[in-house]
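My questions are about this predicted structure, shown below with the sequence.
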Amino acid sequence: MAAVVAVPACTSAGNGTQGSQRSDAETSTDAASTSGPVTSAPATSTPTTSVTPSTTTAPPVPELPGGGRTIFPTYRLIGFSGHPSSLALGRLTGDLDAAAGQIVEQATPYAGDRPVLPVFELIATIAHPFPTAEGDYSGRSSEELIQEHLDAARRAGALLLLNIQPGRADFLPEVQAYEKWLREPDVGVALDPEWAVGPSGIPGEVYGQTTGAELDTVATYLARIVAEGNLPEKVMVYHQVAASVVIDEQLLLPHPGVVPIKSVDGIGSQAEKENTWYRLMEAKPAHVHPGFKLFYDEDLRTGGPLMTPEQVLALMPLPEYVLYE
């Protein structure tokens, strides 16, 4: 951080004396020739007040965990997803500090052309195949659980993304429920429309769906949060496993301070995942950044090995967020 040095301005003033002194005789003559009494005005003095200028230090501008205020092209994001209720949701569970170490190990091969910023993608709202208290087939995480993950993310120098599986709810109110956390400089969102099943669907039985217009309402809301808090750029991921999951994608418009990322979630062998990647990237709006998801278990069920970082980095366009589940 550059030091700011205040240099006081230098001023100079001359101290000359003008006028002439008069002799006693001249003074007496003047007094004698003056009719009426001579009244001498009382001497007055102007007090000198010393003013010490007050200095105030502006609060530091909020920054990202790795420093700075812009996500791309400064960083590449590498993360784990998860929730403590189920190991099937990802490896971000149990010992969060140990998981952070695993993220760093997994991220090392990705750090060639730019530094890696780790990501904790906590599944904050989980879809359920049964009615919940609000009747929306989804449940929100407690404040205690979110704080635990935020604390661990900060110890690891990572971003925290709150993943939303809305069930029968809409995305915007579910995101707004976490506004307390989204006003933090290192918290963003990840939207999972596969689990947005509408007013009558059952999560897990049908693929959900969203639209570019609905995504844009969330981006508009996040842009306001960023502007009000003078926050660094905020990440907004939307996951897509199939073309039908996001329609009218071009209706997602650019918004200052919001970094949208389209994460392609195709499951299967390398060939299957690459096929899904290139097909879904065709509809990506130009201002949206590419993301790619790998599954430690599901991707291996076809008998092939997990794609290597080198294979992921060979994809075009180049993924800027890589998530492991």
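Nice, thanks for sending it over. Numbers count the residues shown, from 1 in each chain.

and Ile78, which of the three is it?
Using DSSP: H, G, I helix; E, B strand; the rest coil, the structure places Ile78 in strand.

List the contacts of the closest residue to it other than its chain neighbours.
Distances taken as CB to CB, 6 or more residues apart in numbering place Ala107 nearest to Ile78, at 3.8 Å, with adjacent residues excluded. The way it works is simple: take the backbone N, C-alpha and C, and place the C-beta from them, glycine included. By CB atoms under 8 Å, 6 or more residues apart in numbering, the contact set of Ala107 is Ile78, Val116, Pro118.

The nearest residue to Leu315 once chain neighbours are set aside is in what secondary structure piece?
Nearest non-adjacent residue to Leu315, counting by CB to CB, 6+ apart: Trp277, 5.9 Å away. Assigned by DSSP states H and E, Trp277 belongs to helix 270-281.

so the following helix or strand past that helix versus helix 270-281, what angle?
Using DSSP H and E, the helix or strand that follows helix 270-281 towards the C-terminus is strand 289-294. Counting by axes from the mean of the first three to the mean of the last three CA atoms, to 10 degrees, strand 289-294 lies at 150 degrees to helix 270-281.

what lines up beside strand 289-294 in the sheet?
Strand pairing for strand 289-294, determined by DSSP bridges: strand 258-264 (parallel), strand 321-324 (parallel).

so what does the next helix or strand after that strand touch, helix or strand wise?
Once strand 289-294 ends, the next helix or strand along the chain (criterion: DSSP H and E) is helix 309-312. Applying 3 or more CB pairs under 8 Å, 6 or more residues apart in numbering; DSSP states H and E, one finds that helix 309-312 makes contact with no other helix or strand.

what's the offset of helix 309-312 from the middle of its chain?
Using CA atoms, centre = their mean, to the nearest Å, the mean C-alpha position of helix 309-312 is found 26 Å from that of the whole chain.

what sits up against that helix?
By CB under 8 Å, 6+ apart, the surrounding residues in contact with helix 309-312 are Pro109, Tyr110, Gln270, Phe292, Leu294, Pro319, Val322.

could you flag which of the residues you listed are buried?
If you count burial by 16 or more other CB atoms under 10 Å, the buried members of the contacts of helix 309-312 come out as Tyr110, Gln270, Phe292, Leu294, Pro319, Val322.
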